[in-house]
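Chemist: Structure for the following, please:
(one chain, ligands or ions: 2)
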Amino acid sequence: MAGRPTDSQLLRILTAALEEADQAVVLFAPSTRRIRWANRAFSAWTGVPPDQVPGQDVRFCLGDAGARLDRAVQKLRSRPSGRDHLDLVLEIPLRPRRDIEVSLILVRLSEKRRLVAAYLTDVTDRAGRQAALAAETRFLRSVLAPALQPIIVTDARGRITLFNRGARELLGFSEDEVVGRKYIQEFYEGNAAHEVMNRSRAADHGGAGFLDGYEAILISRARERVPVWLTMHLLYGEDGQESGTVTFVRDMRPMAEVERRLEEVQMQLIHADKMASLGKLAAGVAHEINNPLGGILLFGGLLLEDMDFSDPRREDMDRIVQEARRCKEIVNSLLDFAHQRRRYQEPVDLNAAVDQCMALLGGKALFHNVEVERALADNLPLVVGNPSQIKQVFTNIVTNAVDAMEGEGRLVLRSGCDASGGEVWVSFTDTGPGMPPPVRARIFEPFFTTKEPGRGTGLGLSLSYNIMRMHRGDIRVGDGAEGGTTFTVVFPMPEGESCEP
Ligand SMILES: Nc1ncnc2c1ncn2[C@@H]1O[C@H](COP(=O)(O)OP(=O)(O)OP(=O)(O)O)[C@@H](O)[C@H]1O
Ligand SMILES: [Mg+2]
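Modeler: Ligands and ions are numbered 1, 2, ... in the order given. Prediction:
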């Protein structure tokens with residue numbers, strides 16, 4: 001049997017193998033620190049010819065770092081067997097200074113004989129690079145972390161390494177909840193993360209490694225869908241492999257709000273334009289009709305006066321005069337609408353105006369089965385306006401509500417004050433059938449009515465709308481309780497007034 005190689009045989013085999021290694025290797029006695037053997041790389045590194053190395057104290061080339069090596073060897077010797085390996089980095093006072101990583105292994109040759117094998121690796125450059133990288137990373141973090149623009153940095157697998165202030169504010173997570181714990185994929189709705197990675201790797205979205213703009217939905221901590229616009233950069237390590245991502249996020253919600261408002265203003269402009277042309281047309285027509293109508297009323301009235309009470313034509317004549325009077329009323333409202341005169345304005349108590357309207361209307365037959373709930377706010381600030389015009393607006397709205405409920409239901413009157421919006425308002429909620437969207441879109445148009453001929457002219461709301469515009473206010477339409485409608489008449493808060501009683 002060839003048997004186990006002896007210790008010295010083993011040593012020869014190992015030293016032969018290590019002789020040619022690039023790394024400097026040296027074997028020395030742990031007690032005396034005398035070198036027993038070193039490879040070629042060690043001689044080259046220390047500048048001592050190979051035949052002069054054995055017998056030297058291993059500390060000869062270490063300068064001040066020799067003491068640290070001593071302590072390390074001491075530590076290694078006192079450890080229980082099985083923990084025979086220790087790494088340390090020594091600063092060697094060569095010129096220029098080098099950082100040498102020393103791996104020490106205590107080799108137990110027998111119960112008494114031990115050797116220390118030391119592998120020496122020059123890590124000066126590696127350490128320098130790492131320090132530079134760490135400094136760069138620290139710099140970037142200090143710049144990105146407090147930024148208001150949301151920025152998310154991840155490692156190659158998508159795990160979050162930086163979740164800056166902007167990102168925290170946008171998505172509502174704290175740094176502790178996210179960094180090192182969550183993956184960026186978890187924030188995307190659906191499979192968007194996959195799409196973002198694919199696009200950023202492809203060349204046709206701003207160049208490989210860069211995604212120039214992508215619309216996505218992120219999910220916040222409160223499970224809200226946040227529409228965002230993303231720009232993403234892939235990060236690459238020195239080996240050319242992907243090492244992470246940096247994503248810049250823009251919250252698109254304010255943009256959506258601006259677009260919505262723009263659309264609203266556009267609609268208002270179209271409406272105002274339509275009203276202006278209709279106003280001119282109405283003024284022209286009313287003016288032309290007013291004179292002949294005056295003639296009809298005058299001569300009709302004269303004829304009626306001359307007729308005997310027993311005359312069978314009297315009833316017809318009476319009807320002609322009545323209808324002509326109705327026409328005159330319509331023409332007058334048309335002229336009102338067309339002229340849009342700014343009337344004398346004074347402080348007006350809106351609650352009192354509502355009460356006066358209700359007192360006038362309440363007696364009408366159609367109101368008998370309508371329950372009126374009065375929920376007007378106390379201490380409502382006075383507004384500035386023309387009292388009779390304001391009452392005209394309220395009357396139109398209340399009449400419409402009662403018409404819609406066909407005389408049966410509940411009308412709730414509310415008023416209030418919105419300090420933040422600087423508004424004072426009165427609202428009228430009915431339990432009628434409500435309005436389908438196509439009707440709601442047209443109610444402020446002059447002559448738009450869904451009522452049968454003779455029952456409505458379609459001028460009530462368009463007049464009211466104009467009156468409110470002259471008061472720098474507004475009429476808003478919303479759903480009421482139980483499927484009905486709510487009309488809210490809004491006035492600007494007069495200067496010097498406030499919601500406080
Ligand atoms: N409270 C309401 N519930 C349901 N529909 C309503 C309500 N208020 C108004 N409308 C709708 O709006 C239309 C226009 O109202 P507007 O007051 O301008 O004209 P009108 O009531 O039809 O006629 P006029 O007021 O000139 O006699 C109505 O015909 C009706 O279809
Ligand atoms: Mg009406």
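Chemist: Quick check: residue 150 touching residue 249?
Modeler: Yes: Residue 150 sits in contact with residue 249 when judged by CB atoms under 8 Å, with a separation of 4.0 Å. Where C-beta positions appear, they are placed from N, C-alpha and C, glycine not excepted.
Chemist: which neighbours do the two share?
Modeler: Common neighbours of residue 150 and residue 249, using CB atoms under 8 Å, 6 or more residues apart in numbering, are 166-167, 170.
Chemist: Out of these, grab the one that's most surrounded.
Modeler: When neighbours are counted by other CB atoms under 10 Å, residue 167 leads the shared contacts of residue 150 and residue 249 with 26 neighbours.
Chemist: Could you check which helix or strand contains it?
Modeler: Under the criterion of DSSP states H and E, residue 167 resides in helix 165-171.
Chemist: Just the C-alphas of stretch 343-361, formatted as PDB.
Modeler: Provided in PDB are the C-alpha atoms of stretch 343-361 (Å, rounded to 0.1, in the frame of the first residue of the first chain):
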ATOM      1  CA  ARG A 343     -79.600  96.600 -11.700                       C
ATOM      2  CA  TYR A 344     -79.100  98.500  -8.500                       C
ATOM      3  CA  GLN A 345     -77.500  96.200  -5.900                       C
ATOM      4  CA  GLU A 346     -77.700  96.200  -2.100                       C
ATOM      5  CA  PRO A 347     -77.000  93.900   0.800                       C
ATOM      6  CA  VAL A 348     -79.400  91.000   0.600                       C
ATOM      7  CA  ASP A 349     -80.400  88.400   3.200                       C
ATOM      8  CA  LEU A 350     -80.700  85.200   1.200                       C
ATOM      9  CA  ASN A 351     -82.700  83.400   3.900                       C
ATOM     10  CA  ALA A 352     -85.300  86.200   3.900                       C
ATOM     11  CA  ALA A 353     -85.400  86.100   0.100                       C
ATOM     12  CA  VAL A 354     -86.100  82.400   0.200                       C
ATOM     13  CA  ASP A 355     -88.800  82.900   2.800                       C
ATOM     14  CA  GLN A 356     -90.500  85.600   0.700                       C
ATOM     15  CA  CYS A 357     -90.500  83.400  -2.400                       C
ATOM     16  CA  MET A 358     -92.000  80.500  -0.500                       C
ATOM     17  CA  ALA A 359     -94.700  82.800   1.000                       C
ATOM     18  CA  LEU A 360     -95.700  83.900  -2.500                       C
ATOM     19  CA  LEU A 361     -95.600  80.400  -4.100                       C
END
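Chemist: quick one: is that stretch near ligand 1?
Modeler: No: Stretch 343-361 stays clear of ligand 1 (CB under 6 Å from any ligand atom), getting no nearer than 13.3 Å.
Chemist: any idea of the mean pLDDT for that stretch?
Modeler: Across stretch 343-361, pLDDT averages out at 90.
Chemist: what does stretch 205-212 give?
Modeler: 78.
Chemist: Report the buried residues of stretch 408-418.
Modeler: By neighbour count with 16 or more other CB atoms under 10 Å, stretch 408-418 contains the buried residues 409-417.
Chemist: ok, for the single nearest residue of the chain relative to ligand 1, nearest residue in space, not its chain neighbours?
Modeler: Closest residue of the chain to ligand 1, CB to the nearest ligand atom: residue 460 (2.4 Å). Closest residue in space to residue 460, ignoring its immediate chain neighbours: residue 396 at 3.9 Å, by CB to CB, 6 or more residues apart in numbering.
Chemist: State the pLDDT value of that neighbour.
Modeler: 93.
Chemist: Residue 173 too?
Modeler: In this model, residue 173 carries a pLDDT of 95.
Chemist: Residue 143 now?
Modeler: pLDDT at residue 143 comes out at 77.
Chemist: Please settle this for me: is it part of a strand?
Modeler: No: the assignment for residue 143, made by DSSP: H, G, I helix; E, B strand; the rest coil, is helix rather than a strand.
Chemist: Please determine how far it is located from residue 132.
Modeler: For residue 143, the distance to residue 132 (CB to CB, to the nearest Å) stands at 17 Å.
Chemist: The lowest-mean-pLDDT helix or strand in the chain: what's the following helix or strand?
Modeler: The weakest-scoring helix or strand in the chain, judged by mean pLDDT, DSSP states H and E, is helix 124-144 (a mean of 74). Per DSSP H and E, the first helix or strand lying C-terminal to helix 124-144 is strand 151-155.
Chemist: partners of that following strand in the sheet?
Modeler: strand 160-163 (antiparallel), strand 242-251 (antiparallel) (DSSP bridges).
Chemist: returning to what we had before: wait, does the helix or strand containing the residue nearest to residue 460 contact ligand 1?
Modeler: Using DSSP H and E, residue 396 falls within helix 387-404. Yes: Helix 387-404 comes into contact with ligand 1 (CB under 6 Å from any ligand atom), by way of 396, 400-401, 404.
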